[in-house]
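In: got a sequence here, can you build the structure:
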Amino acid sequence: MPRASKRKTAPPNSSSVQSDGGRPAAGKAKTRGKDKIDKLFDSYANSSLGVIDPEGIEKLCSDLGVDHTNIRILMFAWKVGAAKQGYFTLDEWRTGLKALRTDTIPKLKKALPELEKEVNTPAKFMDFYSFSFRYCLTEEKQKSVDIETICELLNLVLGSQYRQQVDSLIEYLKIQNDYKGINLDQWTNFFRFFNEIHFPNLQNYDAAEAWPLILDNFVEWMKEKEG
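Out: Residues are numbered from 1 along each chain as shown. A predicted model of the protein is given here:
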């Protein structure tokens, strides 16, 4: 898949260390790194489609020793800028592995804990949180994600930080009948709600603020439940 780069003769009096007919050694190393990244891509890609598909991602997860539902795989999808759920293009793969400075499975495996630390910084988490919603949109004009998937996503993305809130919201989402899906604005406000509202008493929740109706209903349900 990678094309061989054209060799250029170094200009006179160049101070670069030369090898292989005039290519700077640093450039040659960079090309080798790219070749390794591309070859690694080929080992997981569907050759007829030219992309890593769900089957290839499962193989990648197996080689990394993580389940395909592990949040680190979602974080990796964020890092590569994956546009379609369950698929990585060659350009996305190159972008992600270069950013992680990896070109082998052992290196990528070691990079995942650092990636998790990066994602969990305040500067990066909100971008990852929004990405996780968009990544679940399977059609071009789709605006909402079904309730079952949202519940799984809440558990995966926010469960470790807001266990009690997530469990309660998931319980409510599963029993309510007003909404079949959640849009990005509602998804964004779930995170804001968890950050700003005292739980479980909800005393500082003000329905007059610009909260989505689904959260007004959730708070009413919580208060009735608590008696």
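
In: end-to-end on stretch 207-214?
Out: Distances were taken as C-alpha to C-alpha, to the nearest Å; on that basis the terminal residues of stretch 207-214 are 11 Å apart.

In: over to stretch 131-149?
Out: Stretch 131-149 end-to-end distance (C-alpha to C-alpha) = 14 Å.

In: so for that stretch, mean pLDDT?
Out: Mean pLDDT, computed over stretch 131-149, is 94.

In: likewise for stretch 169-187?
Out: Confidence over stretch 169-187, taken as the mean pLDDT, stands at 97.

In: give me the contact list for it.
Out: Contact with stretch 169-187 is made by 130, 133-134, 143-147, 150-151, 154-155, 190, 212, 214-215, 217-218, 221-222, as judged by C-beta atoms under 8 Å, 6 or more residues apart in numbering. From N, CA and C alone the C-beta is placed, and that goes for glycine too.

In: among those, the buried ones, what's the PyMOL command?
Out: The command below creates a PyMOL selection of those among the contacts of stretch 169-187 that count as buried (16 or more other C-beta atoms under 10 Å):
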select buried, resi 133+144+145+147+150+151+154+155+190+212+214+215+218+221+222
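
In: the strands in this protein, which residues?
Out: In the chain, strands defined by DSSP state E lie at 18-19, 23-24, 144-146, 181-183, listed in chain order.

In: the last one pairs with which strands, and in what direction?
Out: Strands that pair with strand 181-183, judged by DSSP bridges, come out as strand 144-146 (antiparallel).

In: now do the partner strand: everything it contacts.
Out: So strand 144-146 is in contact with Phe133, Cys136, Leu137, Leu153, Lys180, Gly181, Ile182, Asn183, Trp187, going by C-beta under 8 Å, 6+ apart.

In: show me what contacts Ile105?
Out: The neighbourhood of Ile105, defined by C-beta under 8 Å, 6+ apart, consists of Leu40, Asp63, Leu64.

In: show the model's pLDDT score for the first one.
Out: For Leu40, the pLDDT comes out at 97.

In: surely it meets Pro106?
Out: No - because the distance of 11.2 Å does not satisfy C-beta atoms under 8 Å, Leu40 is recorded as not touching Pro106.

In: so what's the residue nearest the centre of the chain up against?
Out: Closest residue to the average C-alpha location of the chain: Trp78 at 3.0 Å, with C-alpha atoms, centre = their mean. If a contact means C-beta under 8 Å, 6+ apart, then Trp78 has Val119, Asp127, Phe128, Phe131, Ser132, Tyr135 as its contacts.

In: which one of Leu40 and Pro106 has more residues nearby?
Out: For Leu40 versus Pro106, neighbours defined as other C-beta atoms under 10 Å are more numerous around Leu40 (19 against 10).
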